[in-house]
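[1] kindly generate the corresponding structure for this input.
(chains A, B, C and D)
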Amino acid sequence: MAEIGTLAEAIGDLVGDGDVVALEGFTHLIPTAAGQEIIRQGRRDLTLVRMTPDIVYDQLIGAGCARKLVFSWGGNPGVGSLHRFRDAVQNSWPVPLEIEEHSHAGMANRYVAGASGLPFAVLRGYVGTDLPSVTTTIKPITCPFTGEELTAVPALNPDVAIVHAQRADRNGNVQLWGLLGVQKEAVLAARRSLVTVEEIVDELSPVPGAIVLPSWAVTRVAEVPGGAHPSYAQGYSERDNAYYAAWDPISRDRDEFGRWLEQVKEAAA
Amino acid sequence: MAEIGTLAEAIGDLVGDGDVVALEGFTHLIPTAAGQEIIRQGRRDLTLVRMTPDIVYDQLIGAGCARKLVFSWGGNPGVGSLHRFRDAVQNSWPVPLEIEEHSHAGMANRYVAGASGLPFAVLRGYVGTDLPSVTTTIKPITCPFTGEELTAVPALNPDVAIVHAQRADRNGNVQLWGLLGVQKEAVLAARRSLVTVEEIVDELSPVPGAIVLPSWAVTRVAEVPGGAHPSYAQGYSERDNAYYAAWDPISRDRDEFGRWLEQVKEAAA
Amino acid sequence: MSPAQDTGPASDTGPTSDEVMAVAAARALSGRQRVFVGIGLPSTAANLARRTHAPDLVLVYESGTLGSKPDRLPASIGDGVLAETADAVISVPEVFNYWLQPGRIDVGFLGAAQLDRFGNINTTVIGSDYHHPKVRLPGAGGAPEIAASCREVYVVVRQSSRSFVDRVDFVTSFGHGRGKGDRERLGLRGAGPTLVITDLGVFRPDPETAELVLTAVHEGVTVDDVRAATGWDLKVAPDLDRTPPPTDQELAALRALKEASK
Amino acid sequence: MSPAQDTGPASDTGPTSDEVMAVAAARALSGRQRVFVGIGLPSTAANLARRTHAPDLVLVYESGTLGSKPDRLPASIGDGVLAETADAVISVPEVFNYWLQPGRIDVGFLGAAQLDRFGNINTTVIGSDYHHPKVRLPGAGGAPEIAASCREVYVVVRQSSRSFVDRVDFVTSFGHGRGKGDRERLGLRGAGPTLVITDLGVFRPDPETAELVLTAVHEGVTVDDVRAATGWDLKVAPDLDRTPPPTDQELAALRALKEASK
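    Coordinates of the predicted model:
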């Protein structure tokens, strides 16, 4: 049964230095508030896993929380580059950042394998590209029936998965809808999980397109209205496109970013 | 784009003698009317694929349409045995029936592989059982990362998949809800597909828990109200438990079954 | 003397042997356990438990329902009431891959046509030749992977010397193989059958050998009755228990469940 | 002389080079094609096509939407308007496994940071050392499998001698490798890049060698302009076309789409 508590408690209890942490949400329901709480609590040496490390990971990387990034697309969507990510890769600032780079199909299947209790997944992927020459977690595998060669990728089983959802009930059952990304897979693949939600309600009335994560598949729920800002929570908020644009100059300059970081650290969760 | 037509035309156009045919629907939305139309059109030498060959396949097997059955559980749910199935396996009546026997997890994953354009699927399955000794489509596979041995099963790619759904719109987009079974996977795995529906509507209004199969993923749609009887279509009909019970004495006796068969053949689609 | 055969519930009669079995099986479930429920006796027992002492029990059906709360006994694993009352409805591939396979389910609740001394289950064929069986049974369904992946397996089965055999004709679902350590050798993660409940008594695997041992007899059943209905040289636990008879409350709840499903 | 650089739409001005490119790319789509759409230029072109000559175009986005019908340009592949107007919303694993991988999509519409003479795409790093790149780009996203599995791939990219190179620094998405037959040798099922549209012209692979050949130039662009913006010894098709300029209708539709997305 998921325990319901505050965001600060949840991060304190679930995320430790050196953990493998996946914050998921595919352009929708990105758990940015949880990422900023990780910054505030000063976690270090994290292996950050995420298909699309956008602003939320640019912030964590710039704050020096990460030792390694496992990802498939790192950009500020609709705007351009993630400058903190680039600065870390190109200049090891503020700390060196190891990367493990995949494609979306590969990352999605790695979560599926993790959620399924399998050590690997099979896909038609990466063929002819230079990714297998730089990423050790891509290997060939042969079909035992046809002899055809395909590609295998290992399961992702993060220590902690963090996602944002629209609602939970008081028993900790979680409901989300709209673009679903890989949130279910990330939660099910992880050893521990935190779901931040827009609101906690008495009853989860059915919503078209919604999925439910039963309370017993979730470790912790925290009510964090607006916790996905600047992304959005369908039915609750709109994407703040101006914030994505405004992030570019903050991210581009180490001093600007430093001032942003001080503000985040001073803010209460 | 799915073409909309009659059931009789659809079976005539899509199902040929010797085809591999999957009628799916996991206790809900079983396309029984389509099965009876296959009987009526006198198809022979079919390889019938279905996780739960219940009454619909007992009828097809008893009518002599099938050469082979690929399945994981063959019973009259809540009642007992499928006597036409047993008579075919034990006594080759009316024709011999080859069987390829799996577990539900294996069959489900075979459809998933088929829908995914992969030649095989991996699962933790069949270990220690006698199934691999009698079924050639179960093989070991080794994880290229951990060295662990798992089980592989080949993809299912039927010539035709037939499912029943609640609704379609006039463009052939299909909507179904309630227990979803493996219908999506069966349709996507097959070369051709037929969806019988309770009704064709102007617009598919959203329904909680519903999925949509876009028209371009379906070959043919036919309006067949009650086409899932004696199973049910959530929101349209109730399961006819009395019919399941009444099937037992019909199925148990070759002559009783013969009389039933004559009635089906005389009925128009 | 054995209890009366099941001739249908009647509120003024004592418990039938099937009712004793259902109540005993229901009592084995408790708390917030996640139970993967097969249809028939397991479903009856799991629903009875949820309606009596274990209201928080999470019922998972292979038709794709998580947390079903039916108010009557479902007629099949696909009964609409399971979907309508579930916390989540998912596809069949998902229930097996995301929920069963990773070991998220505490108890797999299975029936059997044949069960052997090491808890192996046969629901495939009776007779030694698979290709020319004496009786063709329904087959595996979800059972092989339920037996492999749940943390524990409870089996509920009507007992006779034909169903309780030394060695099953066909291993549909792996129990303890030919003895202790076989599951570990095969890399199976769950503990396998830890409890077998029949219409005569209760059996548990011997911790040393994994052989099923009689640990309790139901009201009105003797050890000799059980031996007569067992196809191997049955061992009896030194501290043999007697199953307390169904309480009035349990019996009423069971009969109400069955009545509501008519 | 090249057309004016893109300085934002204004209804009383002629088409910018980006607008010419978007219109040319939109024209390449037709009928009921299923198009897997990347964000940016591909999304603009695909939406323009749907709003003009190809209303039945099926737009598939990797965020998990099948048949999106946005009334404005989505700001990202996860824009809410894509989900709200879709025929079906599915998970990200499903879009890649059930819809892209089996070859259900007709056209994969991709952008590129670098594109080489054989249509290979780089969106990973600029510089020869992956571990110490000159410029770290966003990476692969969905592109490697889009390039592998769609029946055809169209690339739309702003052209310069830096982006149009003899050989990409890193093969993020496989085009035609080092020439004709490489895709078949690797077992790739789709035809790969069959069309490249830039702000200067249109390129197609030579049927004999798979090398990209200039097949059309846009209005106001000379072959020398194109050569100057190409990093290899460019071949020109003997029957070189000239792209008809955007019609008033096309331009109005494009500007309306962009305006609505503000």
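
[2] chain center to the lowest-mean-pLDDT helix or strand in chain C: distance?
    Least confident helix or strand of chain C, by mean pLDDT, DSSP states H and E, is helix C:80-84 with a mean of 89. Centroid separation for helix C:80-84 versus its chain: 22 Å, with Cα atoms, centre = their mean, to the nearest Å.

[3] please see if it touches chain A.
    No: applying Cβ under 8 Å from any Cβ of the partner chain, one finds helix C:80-84 separated from chain A by no less than 10.4 Å. For the C-beta atoms, the positions are set from N, CA and C on the backbone; glycine is no exception.

[4] get me the contact residues on the stretch 51-200 of chain A for chain C.
    Counting by Cβ under 8 Å from any Cβ, the stretch 51-200 of chain A sits next to chain C at A:Val112, A:Ala115, A:Ser116, A:Gly117, A:Leu118, A:Asn173, A:Lys184, A:Glu185, A:Leu188.

[5] let's see 7 Å
    Counting by Cβ under 7 Å from any Cβ of the partner chain, the residues of the stretch 51-200 of chain A close to chain C are A:Ala115, A:Ser116, A:Gly117, A:Asn173, A:Leu188.

[6] hmm, the second one is touching C:Trp99, no?
    No: under the criterion of Cβ atoms under 7 Å, A:Ser116 is not in contact with C:Trp99, lying 9.5 Å apart.

[7] so where's chain A shaky on pLDDT?
    A:269 (pLDDT under 70).

[8] which residue ranges of it form helices?
    A:7-14, A:32-40, A:55-62, A:83-91, A:104-115, A:131-134, A:183-189, A:241-252, A:254-266 (DSSP state H).

[9] equivalent analysis for the stretch 1-150 of chain C, please.
    C:17-27, C:41-51, C:80-84, C:92-94, C:143-149 (DSSP state H, counting those that start in this stretch).

[10] how about these, which one is nearest A:Gly147?
    Among the helices of the stretch 1-150 of chain C, helix C:92-94 comes nearest to A:Gly147, with 25.3 Å by Cβ to Cβ.

[11] tell me the mean pLDDT over that closest one?
    Mean pLDDT, computed over helix C:92-94, is 98.

[12] ok, A:Pro206 - contacts?
    Contacts for A:Pro206 (Cβ atoms under 7 Å, 6 or more residues apart in numbering or on different chains) come out as B:Pro208, B:Gly209.

[13] I'd like the distance between it and chain D.
    Applying Cβ to the nearest Cβ, to the nearest Å, the value for A:Pro206 to chain D is 16 Å.

[14] for the residue of the stretch 1-150 of chain A found nearest chain D, which non-adjacent residue is closest in space?
    Among all residues of the stretch 1-150 of chain A, A:Thr27 sits closest to chain D, at 2.1 Å; criterion: Cβ to the nearest Cβ. The shortest distance from A:Thr27 to any non-neighbouring residue, by Cβ to Cβ, 6 or more residues apart in numbering or on different chains, is to D:Gly78 (2.1 Å).

[15] surely that neighbour is in contact with A:Gly178?
    No: between D:Gly78 and A:Gly178 there is no contact under Cβ under 7 Å: 9.1 Å.

[16] quickly list what's touching both of the two.
    With contacts defined as Cβ under 7 Å, 6+ apart, the residues shared by D:Gly78 and A:Gly178 are A:His28.

[17] and those two? which has more neighbours close in?
    D:Gly78 (30 against 24; other Cβ atoms under 10 Å in any protein chain shown).

[18] got a list of what the more buried one touches?
    So D:Gly78 contacts A:Phe26, A:Thr27, A:His28, A:Leu179, D:Ser63 (Cβ under 7 Å, 6+ apart).

[19] can I get those residues in TSV with neighbour count and distance to C:Ala86?
    Below are the contacts of D:Gly78 laid out as TSV (neighbours: other Cβ atoms under 10 Å in any protein chain shown; distance: Cβ to Cβ, whole Å):
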residue	neighbour count	distance to C:Ala86
A:Phe26	26	26
A:Thr27	27	29
A:His28	27	25
A:Leu179	30	24
D:Ser63	30	27
